[in-house]
Each structure stands twice: as C-alpha cells, then as structure tokens.
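J.: sharing a model that was predicted from the sequence below.
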Amino acid sequence: MTDNYNAAPTPISPRWPRAIATVFGLGFTRPAPGTVASLVALPAAWAIVWLGGGTFNGRLLLLLASILVFATGSWACEHYSRTKGEPDPSECVIDEVAGQFFACTFAPLHLLPYLLAFVLFRVFDITKLWPVSLAENRIPGGLGIMADDVVAGLMAGIVLAVLTSIGIL
C-alpha cells in the first residue's frame, strides 16, 4: 500500500475555471452573453427561493447561494482571465448569475418583481452608474470581475426592497 499523503498536489485542470466562469459555455453565446446568463439565472433563483418555502427562508437560501456563486466565480474568473491573458473576458458570465441572484434576493416570489429585478440589474450593470463603476475600476482580478455585477445586483435589490416596503410590489 502506498502513502500518497505527502504527494505533491496536482494542479487544477483549466477546464473547471473555464466551465464555471462561462457557466458551462453559456458565455460563448452571441449576442449579449451577459443578458442570456441573467435570464438563465432568473428561473434558478426562483427555484431556490421556492425550494426554501418562498418566504424569508427561501430568500435566505438564495442569499447563501449568491455568496457561494460570488466566491466560486471570483476564483474561476481569476484563473480563467489569467489563462486568457485578459483582465475581464466577455465570456465570463458567472458574474451576471451572482448579480442577478443578489437582485432576486430582495424580490417577492412573483413574476413582476422578478422581471423588474432582471431589468433593474441589467440597467445598473450596463450603464455602470456609480458605485458599479467604482467596483469595476478599483478591484483587480477575479474579485473585480465579479464585484461590479454584485454591486449592480445589490443596487437593483435596494430598489426592489424600497418598492416592496411602500407597497408597489
């Protein structure tokens, strides 16, 4: 019996960071891969909240999923962007999934709020209003690739929370 405990670790295959960063190739769709990834994230977010009971617990579950996607995406985008030699490859769309998840965390589990979460997130992500632009320009690497979309998602979420609290949603 051999003892592999002290064996050198094997390097991570570049396939995993690529698969995660591009959401299993979704980032290669044209046109508008970010919008496509955001659309795909909507039913996934809905399912997570629904599986959590559709109430506070479901939103908490989506928040945890958002954090997990953010952490995993930061790692994957860091590796993938280094491999590509580009600071923010357009095919990295896991950031859109994370941002859309964060936005949906604040949305009631109904069609209109989820559609509004999508529209608001895309508007904030595409226009790069401050503080989205600050996150994009100041944070390097995989964390920076993810950060601007998370900020855009949180901004959309704040708008949704306000609209919900005043009874519009």
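T.: Received, thanks.
J.: and for residue 51, the neighbour number?
T.: Using other C-beta atoms under 10 Å, residue 51 has 12 other residues around it. For glycine as for every other residue, the C-beta is placed from the backbone atoms N, C-alpha and C.
J.: might you report the residue contacts of it?
T.: 58, 61 (C-beta atoms under 8 Å, 6 or more residues apart in numbering).
J.: please tell me how far it sits from residue 60.
T.: Look at residue 51 and residue 60: by C-beta to C-beta, to the nearest Å, they are 12 Å apart.
J.: again with residue 74
T.: Using C-beta to C-beta, we find residue 74 at a distance of 21 Å from residue 60.
J.: what about the helix-or-strand element of the chain with minimal mean pLDDT, distance to the chain center?
T.: Scoring the helices and strands of the chain by mean pLDDT, DSSP states H and E places helix 132-138 at the bottom, with a mean of 84. How far helix 132-138 lies from its chain's middle: 16 Å, per C-alpha atoms, centre = their mean, to the nearest Å.
J.: please identify the buried residues of it?
T.: Under the neighbour-count criterion of 16 or more other C-beta atoms under 10 Å, helix 132-138 has 132, 135-136 buried.
J.: with respect to residue 90, which of these is nearest?
T.: residue 136 (13.7 Å; C-beta to C-beta).
J.: residues contacting the closest one?
T.: Counting by C-beta under 8 Å, 6+ apart, residue 136 has contacts 128, 144, 147-148.
J.: including secondary structure and pLDDT, could those go into TSV?
T.: Output for those, formatted as TSV (DSSP: H, G, I helix; E, B strand; the rest coil; pLDDT from 0 to 100):
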residue	secondary structure	pLDDT
128	coil	89
144	helix	93
147	helix	95
148	helix	94
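J.: now tabulate the residues you listed in CSV and tack on distance to residue 21 and neighbour count.
T.: As requested, the contacts of residue 136 are exported to CSV (distance: C-beta to C-beta, whole Å; neighbours: other C-beta atoms under 10 Å):
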residue, distance to residue 21, neighbour count
128, 20, 16
144, 13, 20
147, 15, 24
148, 15, 24
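J.: adding distance to residue 29, write those out as CSV.
T.: Shown next, in CSV, are the contacts of residue 136 (distance: C-beta to C-beta, whole Å):
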residue, distance to residue 29
128, 22
144, 23
147, 23
148, 21
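J.: how about the contacts made by the most centrally placed residue in the chain?
T.: The residue lying closest to the centre of the chain (C-alpha atoms, centre = their mean) is residue 98, at 1.4 Å. Contacts here follow C-beta under 8 Å, 6+ apart; on that basis residue 98 touches 66, 69-70, 73, 146, 149-150, 153.
J.: try residue 29
T.: residue 36.
J.: again, 10 Å this time
T.: Contacts for residue 29 (C-beta atoms under 10 Å, 6 or more residues apart in numbering) come out as 22-23, 35-37, 40, 91, 93.
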